[in-house]
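Asker: Build the 3D model from these lines:
(chains A, B, C and D)
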Protein chains: 2
Amino acid sequence: MAGGMPKRLPTVSDVAALAGVSRQTVSNVLNSPAVVREGTRERVHTAIAELGYRPHTSARRLRTQRAATIAVRLDPVGGGISGAVLDRFLHALAERGEERGLTVMLYTAVDPDDEIRQFRRLVDAAAVDAFVLASTYHGDPRTEWLIEHDQAFVTFGRPWGIPDLTDPKHFWVDVDGRHGVREATEQLLARGARSVGFLGWPAGSGTGDERRAGWAEALRDAGFDDARSAALSIVAEEGVASGREAARALLEREPHLDALVTASDTLALGALIATGGRVPVVGFDNTPVAEAIGFSSIDQRVDEVAVAALDLLDAVGRAQSAGPSGHRLIEPRVVMRESGPLLGLLR
Amino acid sequence: MAGGMPKRLPTVSDVAALAGVSRQTVSNVLNSPAVVREGTRERVHTAIAELGYRPHTSARRLRTQRAATIAVRLDPVGGGISGAVLDRFLHALAERGEERGLTVMLYTAVDPDDEIRQFRRLVDAAAVDAFVLASTYHGDPRTEWLIEHDQAFVTFGRPWGIPDLTDPKHFWVDVDGRHGVREATEQLLARGARSVGFLGWPAGSGTGDERRAGWAEALRDAGFDDARSAALSIVAEEGVASGREAARALLEREPHLDALVTASDTLALGALIATGGRVPVVGFDNTPVAEAIGFSSIDQRVDEVAVAALDLLDAVGRAQSAGPSGHRLIEPRVVMRESGPLLGLLR
DNA sequence: TTGTATGCGTTATCAG
DNA sequence: CTGATAACGCATACAA
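Answerer: Below is the predicted model:
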């Protein structure tokens, strides 16, 4: 790098001098503007602009004892097709966080124990004042540690398995998959589909069960009896190949099937391959793949999730009641696509 | 959150008291261990461990005038299939950075001007002491701004278009795509392929041109004359569909083609669809898709890239000469896959 | 409304 | 080798 002068950054004192006030006044202009007189305030602002002054992050943090930083774990690699969801969430978090003066920092961990070690490191160094976890389960050692050590955190994903979802110690944001799948199913029916199937994961994953439930609800409301519905549903492990197998089996059993909702874009892709794109398929996550291939999907609206997560952390930080409760359920958005540029490939 | 006591973190003073030394000695143990006597050092370490003490990040930053933080822009969404590369790089950066006591923070920007605004914000607030950019071009306003303002930065990607790649003001790390493609081609030939084609991007993108050059070199070394080679090459815009079209056209023209190297996994996927998986195809980036489908690809080794980038930044920070030069060219790794679980799908 | 004094936790300087 | 003192830049209680 070219070795210019160290070029000291301006401080409050510099601003104060230029504006002809005390440095305390400058601080007031920034932190309690109401307390300073109009004219003075303006002079200070001019000086600030002229010098390009900005409060020194570390000094402020040291003084206020707040890092204004939230930590998020970055996983090794977004699991294949669906990984993009976490990335989009991260992006949203960084973007909306910046609006509130928050910095997003990354950490990595190979397992829960390692992650707790990271918690300890970041907390002990006062490097962070909140964590965002990408999902949790009942008895998760990470959330237990965080609660025990009074650390602010929020999870993207309900704490599946916890008997009482309103546990006031555990703040979470989640996407209402049930609602989204239900809506997608209703839309398919409204468009004339007479037999809408569901391809989901084996029972036991909270997320997957919710999605299936949404589909079942829609069919029930449309007058299908439960036995009839049950025959239209099939399970598969996450994966293109298993999705294709399952879709194939389902179609063999129910040849009149004229639409399919699935628990993920991965399964949707498998189903599209199996049907040669002849049956409309709705995926979940609205990944780039869905967009590229051109099939319908359900978007998680990670931006809203990020905003909600930050709201909750704000509330935690101020020890306020977090609004109605410490949780937010975001309604996903159904993205219907009539046909895509690549669907033809599958024939 | 449960409202326990504020639970003050231990400071150097606490450690000093417990160890029965002055706090300066504690600081010395941490920063210049050589200067303190063995026995004392041990006592201090014991006290540190007992209290779970860690230097307060912000205090240290304020004092040392170094943020120990590097900023990386997170893009809205990793462009479809190939996006994962940047994610993996980010992960590697966070992981290797932590080993050196560096924090990775994220920022977002909608365009270069916006990004420069972010630079200004982060620099003026002393929030960051280096930037990592994901690629640049000649006359890039971002690098110009950074150089002009004496900010440390390194780019992942050569500054294409700059006449002198050894510009001492611009540090970069890149992957030697030419070498990788050449090696992949050689391996195909060694395995008995008699006619290896290349499917790449239109001329003009530095990256793409390099990759094509690697393939051409391998053919030349194998005794193909240039005219013969030229007929085996075709171009396509990035995208599955266009890759498929181009591969189809190439095969029609050169039916005896028995292997294909491509400039990206996206193009490779298109080619695989076109050939029904009957011709071995090598992609580039070794994305999750390549792994899932099971085709060969060239891995960028982002971990090595991250390490090299951090090395360069270290050198910049200490105003040292950055080793041999301010650049590192990483050799990618060819990942040959005989067949994958999903290749059959394409038939 | 404005200015003054003090401390956040750390490290650097310098005298013992 | 160790210990006192000052300063990094900011914000707050308190006095003017």
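Asker: where exactly do the strands run in the stretch 1-150 of chain A?
Answerer: All strands of the stretch 1-150 of chain A, identified by DSSP state E, counting those that start in this stretch, fall at A:69-73, A:103-107, A:130-133, A:136-137.
Asker: Out of those strands, the one nearest chain B is which?
Answerer: strand A:103-107 (4.1 Å; Cβ to the nearest Cβ). Heads up, the C-betas are built off the backbone N, CA and C, glycines and all.
Asker: Domains in chain A, by residue range?
Answerer: With automatic domain parsing as the criterion, the domains of chain A are listed as A:13-29+A:36-46, A:69-175+A:302-331, A:177-300+A:334-345.
Asker: Could you confirm whether the longest one reaches chain B?
Answerer: Which is domain A:69-175+A:302-331. Yes. Using Cβ under 8 Å from any Cβ of the partner chain, domain A:69-175+A:302-331 reaches chain B at A:69, A:74-81, A:83-84, A:87-88, A:90-91, A:94-95, A:98, A:103-108, A:120-121, A:124-127, A:147, A:150-152, A:169, A:316, A:319.
Asker: after the helix or strand containing A:I273 comes which helix or strand?
Answerer: Following DSSP states H and E, one finds A:I273 within helix A:265-275. Note on helix A:265-275: by DSSP H and E, the next helix or strand toward the C-terminus is strand A:281-282.
Asker: and the helix or strand just after that next one, average pLDDT?
Answerer: Next helix or strand after strand A:281-282 toward the C-terminus (DSSP H and E): helix A:288-293. What helix A:288-293 shows for mean pLDDT is 80.
Asker: Next one: whichever residue of the stretch 101-250 of chain A sits closest to DNA strand D from B:F131, what distance?
Answerer: Closest to DNA strand D within the stretch 101-250 of chain A is A:G101: 10.5 Å, counting by Cβ to the nearest atom of the strand. Distance, A:G101 to B:F131, by Cβ to Cβ, to the nearest Å: 20 Å.
Asker: Who has more neighbours out of the two?
Answerer: Comparing A:G101 with B:F131 by other Cβ atoms under 10 Å in any protein chain shown, the one with more neighbours is B:F131, at 24 against 10.
Asker: Quick check: buried residues in stretch A:31-46?
Answerer: A:36, A:40-41, A:43-45 (16 or more other Cβ atoms under 10 Å in any protein chain shown).
Asker: Over to stretch A:43-57?
Answerer: Neighbour-count burial for stretch A:43-57 [16+ other Cβ under 10 Å]: A:43-45, A:47-48, A:51, A:53-57.
Asker: Can you give me the end-to-end span of that stretch?
Answerer: The straight-line separation of the ends of stretch A:43-57 (Cα to Cα, to the nearest Å) is 23 Å.
Asker: so the residue of the stretch 101-250 of chain A closest to DNA strand D touches A:T69, yeah?
Answerer: No. A:G101 is not in contact with A:T69 according to Cβ atoms under 8 Å; the separation is 10.1 Å.
Asker: Now for the two: what residues contact both?
Answerer: Common contacts of A:G101 and A:T69 (Cβ atoms under 8 Å, 6 or more residues apart in numbering or on different chains): none found.
Asker: angle of the host helix or strand of A:E252 against helix A:265-275?
Answerer: Using DSSP H and E, A:E252 sits in helix A:240-253. Helix A:240-253 and helix A:265-275 are oriented at 50 degrees to each other (axes from the mean of the first three to the mean of the last three Cα atoms, to 10 degrees).
Asker: In the sheet, which strands lie alongside the helix or strand following helix A:240-253, parallel or antiparallel?
Answerer: Where DSSP H and E defines the elements, the next helix or strand beyond helix A:240-253 is strand A:259-262. In the sheet, strand A:259-262 lines up against strand A:196-200 (parallel), strand A:281-282 (parallel) (DSSP bridges).
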